[in-house]
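K.L.:
make a model of this:
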Amino acid sequence: MNNTTQPSILLIYTGGTIGMIENPETGALLNYDFEQFQHLVPEMKRFNINIGSYTFRPPIDSSDMEPKYWVRMARVIAENYEAYDGFVVLHGTDTMAFTASALSFMLENLGKPVVITGAQLPIGQLRTDGKENLLTSIEIAAARNAAGEPAVPEVCIFFENRLMRGNRTTKINAEGFNAFRSYNCPPLADAGIRIKYDTAQIRRPDPLRPFRPHYTFDSRIFILTLFPGITEEYVDAVVHMKGLRALVIQTYGSGNAPQKPWLFEKLKDFDRRGGILVNTTRCSLGTVEMHRYETGLQLLQAGAVNGYDGTLECTVTKLMFLLGQTSSKEEILRLLNTNIAGEITISAE
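P.N.:
You can find the predicted model right below:
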């Protein structure tokens, strides 16, 4: 940890719109360069903060993001964990919520802020939202509470005045600056004239346990989205995919599925063969309650695990993470029903 009065923040540029710099003569968008970046955001120099920089070369387009890059980010954070007081990750918006969710599981017992942000317009454009997102993210990453502890020692997303828990966040807008929302978890902070932290919502590390990074994923999963008219042949092809270890089932409402005997038999057979089923709702607000209706109870009887109020991004990355940590189905099912990093609200059904 930095022991001077001046906090140190590591800025990690992975790719994305925020780091694209417009050439004023040609109008062409150029890749991120930290010195040019500082020139376009001179306000960074007004912080009493030591800012370091790490750049992915080549930058990764958000659409190309995948587990190997999450591992790279986690390694950069772990290798620099003692040298910096906080981390700001610049990232494309399309898969930002997946990355934030993945890092929340990879960085076990995290004791420092990891704030992920980006922009809808490049940092060099006049109307960019990138400047405010960047500057506020740096301020949050460096902030400390009255006890001298990091204000938000979590993996978070900051976008348009809101600081949200990373594994509770989803992208909801492709054009507006209000690109992200956290529907089932209130913001950890609101940035207005002052940054107001909701200290009751912020998670804290266990002081008796060390920070522990993890680097292994298994992406042999599939998202089965239910829809009216779904066919037996389609589901049969999915559950018999070679090497498939788990299915995330996107259901209706509070976790309901059509009452088709063949559907439950195929899902139950997948469960018997060692596969893992997770029931998630396609609704943004609310939670899965499989005991509520007969249409949900049948999924429970087929072996499906409750996905509670987790986002799709969170459910997918948590499942990939757990599959990478153990081959024990029982242990994976136990951890799916455990709130590991503030990602779900456990409710008694």
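K.L.:
where along the stretch 51-200 of the chain do the strands fall?
P.N.:
Assigned by DSSP state E, counting those that start in this stretch, the stretch 51-200 of the chain shows strands spanning 86-90, 107-108, 114-117, 155-159, 162-165, 170-171, 180-181, 189-191, 195-197.
K.L.:
what of the stretch 201-349 of the chain?
P.N.:
212-213, 221-225, 246-251, 276-281, 305-306.
K.L.:
export these to JSON lines and append columns for mean neighbour count, distance to residue 124 and mean pLDDT.
P.N.:
Heads up, the C-betas are built off the backbone N, CA and C, glycines and all. What follows is those, written out as JSON lines (neighbours: other C-beta atoms under 10 Å; distance: least, C-beta to C-beta, whole Å; pLDDT from 0 to 100):
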{"stretch": "strand 212-213", "mean neighbour count": "14", "distance to residue 124": "34", "mean pLDDT": "98"}
{"stretch": "strand 221-225", "mean neighbour count": "16", "distance to residue 124": "37", "mean pLDDT": "98"}
{"stretch": "strand 246-251", "mean neighbour count": "23", "distance to residue 124": "39", "mean pLDDT": "97"}
{"stretch": "strand 276-281", "mean neighbour count": "24", "distance to residue 124": "39", "mean pLDDT": "97"}
{"stretch": "strand 305-306", "mean neighbour count": "24", "distance to residue 124": "46", "mean pLDDT": "96"}
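K.L.:
distance to residue 78 added to the ones you listed, as a markdown table?
P.N.:
As requested, those are exported to a markdown table (distance: least, C-beta to C-beta, whole Å):
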| stretch | distance to residue 78 |
| --- | --- |
| strand 212-213 | 4 |
| strand 221-225 | 25 |
| strand 246-251 | 27 |
| strand 276-281 | 28 |
| strand 305-306 | 30 |
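K.L.:
which SSE is immediately downstream of the helix or strand bottoming out on mean pLDDT in the chain?
P.N.:
Counting by mean pLDDT, DSSP states H and E, the chain has its least confident helix or strand at strand 29-30, which shows a mean of 62. Using DSSP states H and E, the next helix or strand after strand 29-30 towards the C-terminus is helix 34-40.
K.L.:
pLDDT of that next one, averaged?
P.N.:
The average pLDDT for helix 34-40 rounds to 72.
K.L.:
and that helix, how far out from the chain's middle?
P.N.:
27 Å (C-alpha atoms, centre = their mean, to the nearest Å).
K.L.:
state the pLDDT value of residue 22.
P.N.:
Confidence at residue 22, expressed as pLDDT, is 65.
K.L.:
again with residue 28
P.N.:
pLDDT, read off for residue 28, is 60.
K.L.:
which ones are touching residue 204?
P.N.:
By C-beta atoms under 8 Å, 6 or more residues apart in numbering, the residues touching residue 204 are 149, 153.
K.L.:
tell me how far it lies from residue 87.
P.N.:
Separation of residue 204 from residue 87 (C-beta to C-beta, to the nearest Å): 17 Å.
K.L.:
equivalent analysis for residue 262, please.
P.N.:
On the measure of C-beta to C-beta, residue 262 and residue 87 end up 49 Å apart.
K.L.:
the two: who's more crowded?
P.N.:
Using other C-beta atoms under 10 Å as the criterion, residue 262 and residue 87 rank with residue 87 on top: 27 against 11.
K.L.:
excluding its backbone neighbours, what's nearest residue 246?
P.N.:
Among residues not flanking residue 246 along the chain, residue 276 sits closest, at 3.9 Å (C-beta to C-beta, 6 or more residues apart in numbering).
K.L.:
meant to ask about residue 52, not that
P.N.:
Residue 52 sits nearest to residue 10 (C-beta to C-beta, 6+ apart), 4.8 Å away.
K.L.:
ok, now which ones touch residue 326?
P.N.:
residue 332.
K.L.:
contacting residues for residue 330?
P.N.:
Not one residue lies near residue 330 by C-beta under 8 Å, 6+ apart.
K.L.:
per-residue confidence for it?
P.N.:
97.
K.L.:
now it: how far from residue 274?
P.N.:
Taken as C-beta to C-beta, the span from residue 330 to residue 274 is 11 Å.
K.L.:
residue contacts, residue 198?
P.N.:
186-189.
K.L.:
which one of these has the most neighbours?
P.N.:
residue 188 (27 neighbours).
K.L.:
surely that residue touches residue 152?
P.N.:
Yes: between residue 188 and residue 152 there is a contact under C-beta atoms under 8 Å: 5.8 Å.
K.L.:
identify the contacts common to those two.
P.N.:
By the contact definition C-beta under 8 Å, 6+ apart, residue 188 and residue 152 are jointly contacted by 163, 197, 202.
K.L.:
this structure: helices as residue ranges?
P.N.:
34-40, 67-79, 96-106, 130-142, 232-239, 261-272, 294-301, 312-325, 329-336 (DSSP state H).
K.L.:
could you list the low-pLDDT ranges of the stretch 201-349 of the chain?
P.N.:
Scanning the stretch 201-349 of the chain for pLDDT under 70 picks out 348-349.
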